[in-house]
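K.L.:
here is a sequence with its predicted model. Questions after.
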Amino acid sequence: MIALVDGNNFYVSCERIFDLSLRSRPVAVLSNNDGCVISRSNELKALGIAMGTPFFQLRPLIPIHGLRICSSNYALYGDISARVIAVLQEFSAEVEQYSIDEAFVHLQLPPAADYLAYGEKMRQSILDWVGIPCGVGFAASKTLAKIANHIAKKSTSGVFVMPENPAEHLRQLPVGEVWGVGRKTAAGLERIGINNAWSLAEAETSFLKRKFNVCLARTALELQGKSVIGKENPEQPAQSVSCSRSFGSAVSEFDDLAEAVASYVSQAAEKLRAGGQLAAGANVYFQCHAEPGRNWKSGDYISRTLLFAQPSAASNELLGAISPLLPAMFQPGKRYKKAGVVFFGLEKERGGHLDLDGNATRRQALKKLYAAVDGINRDFGRKAVFQLSAGIKCAWDMQRKHLSKRYTTSWKELPKVY
(Lines give C-alpha, C1' and ligand atoms only; values in the text may rest on other atoms or scores of the structure.)
Protein backbone atom coordinates (compact mmCIF):
# COMPACT_ATOMS: atom_id res chain seq x y z
CA MET A 1 0.00 0.00 0.00
CA ILE A 2 1.17 3.52 -0.79
CA ALA A 3 0.25 6.61 1.21
CA LEU A 4 0.51 10.14 -0.13
CA VAL A 5 0.98 12.68 2.65
CA ASP A 6 0.41 16.28 1.57
CA GLY A 7 0.62 19.38 3.78
CA ASN A 8 -2.50 21.54 3.73
CA ASN A 9 -1.79 25.05 2.37
CA PHE A 10 1.80 24.24 3.25
CA TYR A 11 3.49 27.65 3.11
CA VAL A 12 0.66 29.27 5.05
CA SER A 13 0.73 26.44 7.59
CA CYS A 14 4.49 26.94 8.11
CA GLU A 15 3.92 30.63 8.82
CA ARG A 16 1.12 29.83 11.28
CA ILE A 17 3.31 27.56 13.41
CA PHE A 18 5.17 30.54 14.84
CA ASP A 19 2.77 33.44 14.30
CA LEU A 20 -0.44 32.58 16.10
CA SER A 21 -2.05 35.85 14.96
CA LEU A 22 -2.32 34.33 11.47
CA ARG A 23 -4.65 31.58 12.58
CA SER A 24 -8.29 31.87 11.45
CA ARG A 25 -7.29 34.86 9.30
CA PRO A 26 -7.18 35.11 5.49
CA VAL A 27 -3.46 34.66 4.69
CA ALA A 28 -1.60 34.83 1.37
CA VAL A 29 2.01 33.82 0.77
CA LEU A 30 3.56 35.60 -2.22
CA SER A 31 6.00 34.47 -4.91
CA ASN A 32 9.48 35.87 -5.49
CA ASN A 33 9.62 39.67 -5.40
CA ASP A 34 6.16 39.67 -3.77
CA GLY A 35 4.63 39.15 -7.20
CA CYS A 36 1.54 36.95 -6.85
CA VAL A 37 -0.25 34.49 -4.55
CA ILE A 38 1.31 31.01 -4.36
CA SER A 39 -0.28 29.71 -1.14
CA ARG A 40 -3.70 30.50 0.38
CA SER A 41 -5.35 29.81 3.69
CA ASN A 42 -8.87 28.38 3.61
CA GLU A 43 -10.15 31.77 4.76
CA LEU A 44 -8.53 33.44 1.74
CA LYS A 45 -9.98 30.81 -0.61
CA ALA A 46 -13.43 31.53 0.85
CA LEU A 47 -13.07 35.14 -0.34
CA GLY A 48 -12.74 33.89 -3.91
CA ILE A 49 -9.10 34.92 -4.30
CA ALA A 50 -7.44 32.62 -6.84
CA MET A 51 -3.92 31.25 -6.98
CA GLY A 52 -1.69 33.53 -9.04
CA THR A 53 -3.59 36.69 -8.13
CA PRO A 54 -1.14 39.65 -8.42
CA PHE A 55 -0.33 41.37 -5.14
CA PHE A 56 -1.43 44.78 -6.39
CA GLN A 57 -4.98 43.41 -6.71
CA LEU A 58 -4.91 42.36 -3.04
CA ARG A 59 -3.87 45.74 -1.65
CA PRO A 60 -7.40 47.28 -1.62
CA LEU A 61 -8.74 44.15 0.11
CA ILE A 62 -6.28 44.21 3.02
CA PRO A 63 -8.20 46.74 5.18
CA ILE A 64 -11.60 45.43 4.08
CA HIS A 65 -11.07 41.75 4.92
CA GLY A 66 -8.07 41.95 7.26
CA LEU A 67 -5.82 40.07 4.85
CA ARG A 68 -2.39 39.06 6.13
CA ILE A 69 0.45 38.99 3.61
CA CYS A 70 3.68 36.96 3.86
CA SER A 71 6.69 36.97 1.57
CA SER A 72 7.98 33.51 0.64
CA ASN A 73 10.40 32.27 3.33
CA TYR A 74 12.05 29.25 1.69
CA ALA A 75 14.56 28.72 4.50
CA LEU A 76 11.67 28.16 6.90
CA TYR A 77 9.59 26.05 4.51
CA GLY A 78 12.51 23.79 3.60
CA ASP A 79 13.36 23.10 7.22
CA ILE A 80 9.74 22.37 8.18
CA SER A 81 9.50 20.03 5.18
CA ALA A 82 12.56 18.12 6.41
CA ARG A 83 10.94 17.76 9.83
CA VAL A 84 7.77 16.33 8.31
CA ILE A 85 9.87 13.77 6.38
CA ALA A 86 11.67 12.83 9.61
CA VAL A 87 8.30 12.11 11.27
CA LEU A 88 7.18 9.97 8.32
CA GLN A 89 10.39 7.95 8.59
CA GLU A 90 9.22 6.88 12.04
CA PHE A 91 6.36 5.04 10.26
CA SER A 92 8.25 3.61 7.28
CA ALA A 93 11.82 3.24 6.09
CA GLU A 94 10.64 3.91 2.53
CA VAL A 95 9.69 7.59 2.32
CA GLU A 96 9.92 9.15 -1.13
CA GLN A 97 9.72 12.95 -1.07
CA TYR A 98 7.90 14.16 -4.17
CA SER A 99 7.90 17.91 -3.50
CA ILE A 100 8.43 20.31 -0.61
CA ASP A 101 4.95 19.50 0.75
CA GLU A 102 4.29 15.96 -0.54
CA ALA A 103 5.77 12.53 0.11
CA PHE A 104 4.88 8.98 -0.88
CA VAL A 105 5.17 6.50 2.01
CA HIS A 106 5.55 2.84 1.03
CA LEU A 107 3.99 0.61 3.68
CA GLN A 108 3.99 -3.12 4.31
CA LEU A 109 1.48 -3.67 7.10
CA PRO A 110 -0.18 -6.98 8.06
CA PRO A 111 -3.14 -7.98 5.82
CA ALA A 112 -5.71 -7.15 8.51
CA ALA A 113 -4.17 -3.75 9.31
CA ASP A 114 -6.49 -0.79 9.81
CA TYR A 115 -5.05 1.74 7.35
CA LEU A 116 -7.55 4.41 8.34
CA ALA A 117 -6.41 4.30 11.97
CA TYR A 118 -2.76 4.14 10.87
CA GLY A 119 -3.25 7.20 8.68
CA GLU A 120 -4.92 9.10 11.51
CA LYS A 121 -1.95 8.30 13.73
CA MET A 122 0.50 9.54 11.05
CA ARG A 123 -1.51 12.72 10.56
CA GLN A 124 -1.81 13.46 14.28
CA SER A 125 1.91 12.82 14.84
CA ILE A 126 2.85 15.37 12.16
CA LEU A 127 0.40 17.87 13.65
CA ASP A 128 1.66 17.33 17.21
CA TRP A 129 5.39 17.12 16.52
CA VAL A 130 5.74 19.67 13.69
CA GLY A 131 2.50 21.66 13.64
CA ILE A 132 1.50 21.01 10.01
CA PRO A 133 -2.03 19.82 9.17
CA CYS A 134 -2.06 17.37 6.28
CA GLY A 135 -4.12 14.94 4.26
CA VAL A 136 -3.26 11.24 3.99
CA GLY A 137 -4.50 9.11 1.09
CA PHE A 138 -3.93 5.35 0.83
CA ALA A 139 -4.11 3.32 -2.39
CA ALA A 140 -2.44 0.54 -4.33
CA SER A 141 -0.66 2.94 -6.72
CA LYS A 142 0.77 6.45 -6.68
CA THR A 143 -1.85 7.87 -9.03
CA LEU A 144 -4.69 6.45 -6.95
CA ALA A 145 -2.96 7.68 -3.77
CA LYS A 146 -2.98 11.19 -5.25
CA ILE A 147 -6.73 10.93 -5.79
CA ALA A 148 -7.24 9.43 -2.32
CA ASN A 149 -5.35 12.34 -0.81
CA HIS A 150 -7.59 14.81 -2.67
CA ILE A 151 -10.64 13.08 -1.18
CA ALA A 152 -9.00 12.93 2.28
CA LYS A 153 -8.56 16.70 2.42
CA LYS A 154 -12.31 17.13 2.05
CA SER A 155 -13.13 14.64 4.83
CA THR A 156 -13.39 15.40 8.53
CA SER A 157 -10.68 12.88 9.46
CA GLY A 158 -8.21 14.07 6.81
CA VAL A 159 -7.56 10.42 5.86
CA PHE A 160 -9.02 8.29 3.06
CA VAL A 161 -8.36 4.70 2.01
CA MET A 162 -9.16 4.00 -1.62
CA PRO A 163 -11.37 0.90 -1.88
CA GLU A 164 -10.25 -2.10 -3.91
CA ASN A 165 -12.75 -1.11 -6.60
CA PRO A 166 -12.29 2.65 -7.06
CA ALA A 167 -14.86 3.04 -9.86
CA GLU A 168 -17.32 5.11 -7.80
CA HIS A 169 -14.70 7.73 -6.98
CA LEU A 170 -12.97 7.74 -10.37
CA ARG A 171 -16.23 8.39 -12.22
CA GLN A 172 -16.58 11.67 -10.30
CA LEU A 173 -13.10 12.90 -11.24
CA PRO A 174 -12.67 14.78 -14.55
CA VAL A 175 -9.89 13.28 -16.65
CA GLY A 176 -8.05 16.63 -16.68
CA GLU A 177 -7.58 16.42 -12.90
CA VAL A 178 -5.74 13.08 -13.01
CA TRP A 179 -2.09 13.32 -11.98
CA GLY A 180 0.08 13.33 -15.11
CA VAL A 181 -2.67 14.26 -17.58
CA GLY A 182 -1.90 17.66 -19.09
CA ARG A 183 -4.33 20.16 -20.56
CA LYS A 184 -3.73 19.19 -24.21
CA THR A 185 -3.90 15.48 -23.42
CA ALA A 186 -7.13 15.98 -21.48
CA ALA A 187 -8.67 17.83 -24.45
CA GLY A 188 -7.64 15.00 -26.76
CA LEU A 189 -9.13 12.39 -24.44
CA GLU A 190 -12.39 14.30 -24.12
CA ARG A 191 -12.71 14.48 -27.91
CA ILE A 192 -12.81 10.66 -28.04
CA GLY A 193 -15.23 10.32 -25.12
CA ILE A 194 -12.82 9.70 -22.25
CA ASN A 195 -14.14 12.31 -19.84
CA ASN A 196 -13.36 10.96 -16.37
CA ALA A 197 -10.70 8.96 -14.57
CA TRP A 198 -12.67 5.71 -14.69
CA SER A 199 -13.13 5.83 -18.47
CA LEU A 200 -9.37 6.37 -18.74
CA ALA A 201 -8.76 3.37 -16.48
CA GLU A 202 -10.96 1.21 -18.76
CA ALA A 203 -9.29 2.32 -21.98
CA GLU A 204 -7.02 -0.12 -23.82
CA THR A 205 -3.41 0.64 -22.88
CA SER A 206 -2.21 -0.33 -26.38
CA PHE A 207 -4.59 2.26 -27.85
CA LEU A 208 -3.44 4.94 -25.40
CA LYS A 209 0.20 4.19 -26.16
CA ARG A 210 -0.41 4.38 -29.91
CA LYS A 211 -2.73 7.41 -29.86
CA PHE A 212 -0.98 9.39 -27.11
CA ASN A 213 2.16 8.10 -25.34
CA VAL A 214 3.48 5.40 -23.03
CA CYS A 215 3.18 7.67 -19.97
CA LEU A 216 -0.61 7.91 -20.41
CA ALA A 217 -0.80 4.13 -20.78
CA ARG A 218 1.02 3.79 -17.45
CA THR A 219 -1.39 6.27 -15.87
CA ALA A 220 -4.31 4.07 -17.00
CA LEU A 221 -2.65 1.03 -15.39
CA GLU A 222 -2.12 3.02 -12.20
CA LEU A 223 -5.83 3.91 -12.14
CA GLN A 224 -6.53 0.18 -12.31
CA GLY A 225 -4.55 -0.26 -9.10
CA LYS A 226 -1.37 -1.56 -10.74
CA SER A 227 1.74 0.15 -9.39
CA VAL A 228 3.91 0.80 -12.45
CA ILE A 229 5.40 4.22 -11.67
CA GLY A 230 8.70 3.45 -9.98
CA LYS A 231 10.35 5.09 -7.03
CA GLU A 232 12.53 8.12 -7.57
CA ASN A 233 16.17 7.27 -7.01
CA PRO A 234 17.60 9.87 -4.60
CA GLU A 235 21.09 8.45 -5.19
CA GLN A 236 20.93 9.20 -8.92
CA PRO A 237 23.24 12.19 -9.42
CA ALA A 238 21.77 15.37 -10.88
CA GLN A 239 22.51 16.08 -14.54
CA SER A 240 22.81 19.82 -13.94
CA VAL A 241 22.77 22.32 -11.07
CA SER A 242 21.46 25.85 -11.46
CA CYS A 243 20.65 29.04 -9.62
CA SER A 244 18.68 31.98 -11.02
CA ARG A 245 16.55 34.81 -9.69
CA SER A 246 14.45 37.69 -10.93
CA PHE A 247 15.77 40.98 -9.58
CA GLY A 248 13.83 43.04 -7.05
CA SER A 249 14.02 45.98 -9.45
CA ALA A 250 15.43 46.52 -12.92
CA VAL A 251 19.26 46.40 -13.04
CA SER A 252 21.07 48.66 -15.46
CA GLU A 253 24.62 48.85 -14.01
CA PHE A 254 27.28 46.27 -14.84
CA ASP A 255 28.59 46.05 -11.26
CA ASP A 256 25.14 45.09 -9.94
CA LEU A 257 24.74 42.46 -12.63
CA ALA A 258 28.19 41.02 -11.94
CA GLU A 259 27.43 40.87 -8.20
CA ALA A 260 24.21 38.94 -8.86
CA VAL A 261 25.99 36.42 -11.10
CA ALA A 262 28.74 35.95 -8.49
CA SER A 263 26.09 35.30 -5.83
CA TYR A 264 24.28 32.74 -7.99
CA VAL A 265 27.55 31.01 -8.95
CA SER A 266 28.44 30.72 -5.25
CA GLN A 267 25.02 29.28 -4.36
CA ALA A 268 25.10 26.77 -7.22
CA ALA A 269 28.68 25.79 -6.29
CA GLU A 270 27.48 25.07 -2.75
CA LYS A 271 24.86 22.70 -4.21
CA LEU A 272 27.61 20.97 -6.21
CA ARG A 273 29.69 20.42 -3.10
CA ALA A 274 26.69 19.18 -1.11
CA GLY A 275 26.16 16.52 -3.78
CA GLY A 276 29.84 15.64 -3.99
CA GLN A 277 29.94 16.69 -7.65
CA LEU A 278 32.19 18.66 -9.97
CA ALA A 279 31.07 20.69 -13.00
CA ALA A 280 32.78 20.53 -16.38
CA GLY A 281 31.16 23.67 -17.77
CA ALA A 282 28.57 26.39 -17.30
CA ASN A 283 25.94 28.38 -19.13
CA VAL A 284 25.48 31.97 -17.93
CA TYR A 285 22.54 34.08 -19.04
CA PHE A 286 20.86 37.47 -18.64
CA GLN A 287 17.29 38.37 -19.50
CA CYS A 288 16.24 41.95 -20.25
CA HIS A 289 13.01 43.85 -19.96
CA ALA A 290 11.26 44.56 -23.26
CA GLU A 291 12.05 48.05 -24.51
CA PRO A 292 9.60 50.58 -26.03
CA GLY A 293 9.42 50.42 -29.79
CA ARG A 294 10.69 46.85 -29.88
CA ASN A 295 9.09 43.48 -29.19
CA TRP A 296 6.89 44.13 -26.16
CA LYS A 297 6.20 40.43 -25.62
CA SER A 298 9.65 39.58 -24.35
CA GLY A 299 13.05 41.08 -23.75
CA ASP A 300 16.40 39.96 -25.10
CA TYR A 301 18.04 36.80 -23.81
CA ILE A 302 21.85 36.86 -23.69
CA SER A 303 23.85 33.74 -22.85
CA ARG A 304 27.35 32.30 -23.03
CA THR A 305 28.59 28.74 -22.54
CA LEU A 306 32.07 27.70 -21.48
CA LEU A 307 34.03 24.61 -20.51
CA PHE A 308 36.36 24.76 -17.51
CA ALA A 309 40.00 23.80 -17.81
CA GLN A 310 39.41 21.32 -14.98
CA PRO A 311 36.08 20.10 -13.47
CA SER A 312 35.56 21.97 -10.21
CA ALA A 313 33.16 22.85 -7.39
CA ALA A 314 35.33 25.57 -5.81
CA SER A 315 33.54 28.91 -5.93
CA ASN A 316 36.70 30.93 -6.59
CA GLU A 317 37.74 28.74 -9.54
CA LEU A 318 34.25 28.85 -11.06
CA LEU A 319 34.04 32.63 -10.63
CA GLY A 320 37.52 33.04 -12.07
CA ALA A 321 36.41 31.26 -15.24
CA ILE A 322 32.97 32.90 -15.56
CA SER A 323 33.69 36.53 -14.61
CA PRO A 324 35.77 37.35 -17.75
CA LEU A 325 32.72 36.52 -19.91
CA LEU A 326 30.44 39.10 -18.32
CA PRO A 327 31.76 42.41 -19.75
CA ALA A 328 31.19 41.23 -23.34
CA MET A 329 27.67 40.01 -22.43
CA PHE A 330 26.68 43.31 -20.83
CA GLN A 331 24.89 45.77 -23.13
CA PRO A 332 24.69 49.35 -21.76
CA GLY A 333 21.26 50.96 -21.83
CA LYS A 334 19.32 47.76 -21.31
CA ARG A 335 17.31 47.04 -18.16
CA TYR A 336 18.01 43.54 -16.89
CA LYS A 337 15.33 41.61 -15.01
CA LYS A 338 16.96 38.22 -14.39
CA ALA A 339 20.28 36.38 -14.39
CA GLY A 340 21.28 32.80 -13.83
CA VAL A 341 23.91 30.10 -14.12
CA VAL A 342 23.59 26.41 -15.04
CA PHE A 343 26.44 23.99 -14.36
CA PHE A 344 26.55 20.92 -16.61
CA GLY A 345 28.77 17.93 -17.31
CA LEU A 346 28.54 16.89 -13.67
CA GLU A 347 30.64 14.05 -12.33
CA LYS A 348 31.10 12.55 -8.92
CA GLU A 349 34.13 13.78 -7.04
CA ARG A 350 36.50 10.89 -6.46
CA GLY A 351 39.62 10.67 -4.38
CA GLY A 352 42.82 8.85 -5.22
CA HIS A 353 43.40 10.37 -8.67
CA LEU A 354 46.94 10.47 -10.00
CA ASP A 355 48.51 13.91 -9.80
CA LEU A 356 48.95 14.29 -13.55
CA ASP A 357 48.81 18.09 -13.61
CA GLY A 358 50.66 18.85 -10.37
CA ASN A 359 47.60 20.56 -8.80
CA ALA A 360 46.48 17.82 -6.41
CA THR A 361 47.74 19.69 -3.34
CA ARG A 362 45.91 22.88 -4.36
CA ARG A 363 42.66 21.00 -5.06
CA GLN A 364 42.84 19.29 -1.68
CA ALA A 365 43.41 22.66 0.03
CA LEU A 366 40.39 24.16 -1.79
CA LYS A 367 38.26 21.18 -0.78
CA LYS A 368 39.14 21.74 2.89
CA LEU A 369 38.58 25.49 2.56
CA TYR A 370 35.07 25.17 1.15
CA ALA A 371 34.17 22.38 3.56
CA ALA A 372 34.91 24.92 6.30
CA VAL A 373 33.00 27.71 4.51
CA ASP A 374 29.94 25.51 3.98
CA GLY A 375 30.08 24.34 7.59
CA ILE A 376 30.17 27.92 8.91
CA ASN A 377 27.26 28.96 6.70
CA ARG A 378 25.31 25.90 7.76
CA ASP A 379 25.83 26.68 11.45
CA PHE A 380 25.55 30.48 11.38
CA GLY A 381 23.31 31.18 8.39
CA ARG A 382 23.78 31.82 4.69
CA LYS A 383 26.41 34.45 3.82
CA ALA A 384 28.09 34.28 7.22
CA VAL A 385 31.13 33.76 4.96
CA PHE A 386 30.87 34.63 1.26
CA GLN A 387 32.82 35.71 -1.83
CA LEU A 388 33.25 39.49 -1.70
CA SER A 389 32.42 39.69 -5.41
CA ALA A 390 28.85 38.61 -4.51
CA GLY A 391 28.30 42.04 -2.96
CA ILE A 392 27.36 43.36 0.48
CA LYS A 393 24.34 45.62 0.03
CA CYS A 394 22.89 43.70 -2.93
CA ALA A 395 20.45 46.33 -4.17
CA TRP A 396 19.41 43.87 -6.91
CA ASP A 397 18.17 41.25 -4.44
CA MET A 398 14.57 40.04 -4.34
CA GLN A 399 11.92 42.24 -2.76
CA ARG A 400 10.47 40.52 0.29
CA LYS A 401 8.82 43.28 2.32
CA HIS A 402 6.63 40.88 4.32
CA LEU A 403 9.27 38.30 5.22
CA SER A 404 8.90 36.38 8.47
CA LYS A 405 11.87 35.24 10.54
CA ARG A 406 13.94 32.11 9.95
CA TYR A 407 12.63 30.66 13.20
CA THR A 408 14.33 27.27 12.88
CA THR A 409 17.53 27.95 10.92
CA SER A 410 19.02 31.12 12.45
CA TRP A 411 20.19 31.49 16.06
CA LYS A 412 19.48 35.23 15.91
CA GLU A 413 15.87 34.68 14.84
CA LEU A 414 14.79 31.94 17.24
CA PRO A 415 11.34 32.54 18.79
CA LYS A 416 11.50 34.17 22.21
CA VAL A 417 9.25 33.21 25.13
CA TYR A 418 8.68 35.89 27.76
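P.N.:
Now that the structure is in, tell me what you want to look at.

K.L.:
can we go C-alpha only for contacts and neighbour counts from here?
P.N.:
Will do.

K.L.:
so, low pLDDT: which residues of the stretch 301-418 of the chain?
P.N.:
Applying pLDDT under 70 to the stretch 301-418 of the chain flags residues 350-359, 394-396, 398-399.

K.L.:
what does the stretch 151-300 of the chain give?
P.N.:
Looking at the stretch 151-300 of the chain by pLDDT under 70, you get 231-238, 292-299.

K.L.:
now the helices for it?
P.N.:
Assigned by DSSP state H, counting those that start in this stretch, the stretch 151-300 of the chain shows helices spanning 167-170, 183-191, 197-202, 205-211, 214-223, 254-274.

K.L.:
and if you look at the stretch 1-150 of the chain?
P.N.:
Using DSSP H, counting those that start in this stretch, the helices of the stretch 1-150 of the chain run over residues 10-18, 42-46, 55-58, 61-65, 74-88, 115-129, 142-152.

K.L.:
ok, now which ones touch G119?
P.N.:
Neighbouring residues of G119 by CA atoms under 8 Å, 6 or more residues apart in numbering: 136-137, 159.

K.L.:
these into JSON lines, with extra columns for distance to R40?
P.N.:
Output for these, formatted as JSON lines (distance: CA to CA, whole Å):
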{"residue": "V136", "distance to R40": "20"}
{"residue": "G137", "distance to R40": "21"}
{"residue": "V159", "distance to R40": "21"}
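
K.L.:
ok, so of the residues you listed, who is nearest A314?
P.N.:
V136 (42.3 Å; CA to CA).

K.L.:
tally of neighbours for the closest one?
P.N.:
Residues near V136, counting by other CA atoms under 10 Å, number 32.

K.L.:
could you verify my assumption that it touches G158?
P.N.:
Yes - using CA atoms under 8 Å, V136 makes contact with G158 at a distance of 6.4 Å.

K.L.:
any residues in contact with both of these two?
P.N.:
Taking CA under 8 Å, 6+ apart as the contact rule, the neighbours common to V136 and G158 are 120, 123, 152.

K.L.:
not counting sequence-adjacent ones, nearest residue to the first one?
P.N.:
Among residues not flanking E120 along the chain, V159 sits closest, at 6.4 Å (CA to CA, 6 or more residues apart in numbering).

K.L.:
if I pick the one you found, what's in contact with it?
P.N.:
The contact partners of V159, taken as CA under 8 Å, 6+ apart, are 116, 119-120, 135-137, 149, 152-153.

K.L.:
now those in CSV, with distance to K45?
P.N.:
Below are those laid out as CSV (distance: CA to CA, whole Å):
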residue, distance to K45
L116, 28
G119, 26
E120, 25
G135, 18
V136, 21
G137, 22
N149, 19
A152, 18
K153, 15
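
K.L.:
which of these lies closest to D379?
P.N.:
Of all these, D379 sits closest to G135, with 33.0 Å by CA to CA.

K.L.:
kindly state the pLDDT recorded for the closest one?
P.N.:
Note on G135: pLDDT of 95.

K.L.:
then the one 10 residues further on?
P.N.:
The score at A145 is 95. That number is its pLDDT.

K.L.:
thought it was touching D6?
P.N.:
No - using CA under 8 Å, A145 is not in contact with D6; the gap is 10.7 Å.

K.L.:
which residues touch the closest residue to L257 other than its chain neighbours?
P.N.:
Nearest-residue entry for L257: V251, 6.8 Å, with adjacent residues in sequence omitted and distances by CA to CA, 6+ apart. By CA under 8 Å, 6+ apart, the residues touching V251 are 257, 335-337, 396.

K.L.:
how does it look with 10 Å?
P.N.:
Shown in contact with V251 (CA atoms under 10 Å, 6 or more residues apart in numbering): 257, 260, 288-289, 334-338, 395-396.

K.L.:
redo the residues you listed as TSV? Include distance to L61 and neighbour count.
P.N.:
Putting the contacts of V251 into TSV (distance: CA to CA, whole Å; neighbours: other CA atoms under 10 Å) gives the following:
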residue	distance to L61	neighbour count
L257	36	24
A260	35	26
C288	32	20
H289	30	18
K334	35	18
R335	32	19
Y336	32	25
K337	29	21
K338	30	23
A395	30	15
W396	29	21
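
K.L.:
from the residues you listed, which land in strands?
P.N.:
Using DSSP state E, the subset of these located in strands is 288, 336-338.

K.L.:
coming back round to it: need the residues touching each of A145 and D6.
P.N.:
104, 136-137.

K.L.:
identify those among those residues that sit within strands.
P.N.:
104, 136-137.

K.L.:
pretty sure A148 contacts W179?
P.N.:
No - counting by CA atoms under 10 Å, W179 is not a contact partner of A148; they are 11.6 Å apart.

K.L.:
and the two? which has more neighbours close in?
P.N.:
Remark: of A148 and W179, A148 carries more neighbours, 25 against 15, as counted by other CA under 10 Å.

K.L.:
which positions in stretch 146-160 come out as buried?
P.N.:
146-153, 158-160 (16 or more other CA atoms under 10 Å).

K.L.:
and which of those residues is nearest to W129?
P.N.:
W129 has its nearest neighbour among the buried residues of stretch 146-160 in G158, at 17.0 Å by CA to CA.

K.L.:
ok so, going back, now the shared contacts of A145 and D6 as TSV including distance to A187?
P.N.:
Listed next are those as TSV, based on distance: CA to CA, whole Å:
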residue	distance to A187
F104	29
V136	30
G137	27
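
K.L.:
list just the nearest of the residues you listed to E270.
P.N.:
Using CA to CA, F104 comes nearest to E270 of those, at 27.8 Å.

K.L.:
and that closest one, what pLDDT?
P.N.:
Turning to F104, the model gives it a pLDDT of 95.

K.L.:
check the one 5 residues further on too.
P.N.:
L109 carries a pLDDT score of 88 in this model.

K.L.:
quick one, what contacts it?
P.N.:
Applying CA under 10 Å, 6+ apart to L109 gives the contacts 1, 92, 115, 118.

K.L.:
and those, which two are the farthest apart?
P.N.:
The widest separation within the contacts of L109, taken as CA to CA, falls between S92 and Y115 and amounts to 13.4 Å.

K.L.:
overlap in contacts, those two.
P.N.:
Common neighbours of S92 and Y115 (CA under 10 Å, 6+ apart) are 107, 109.
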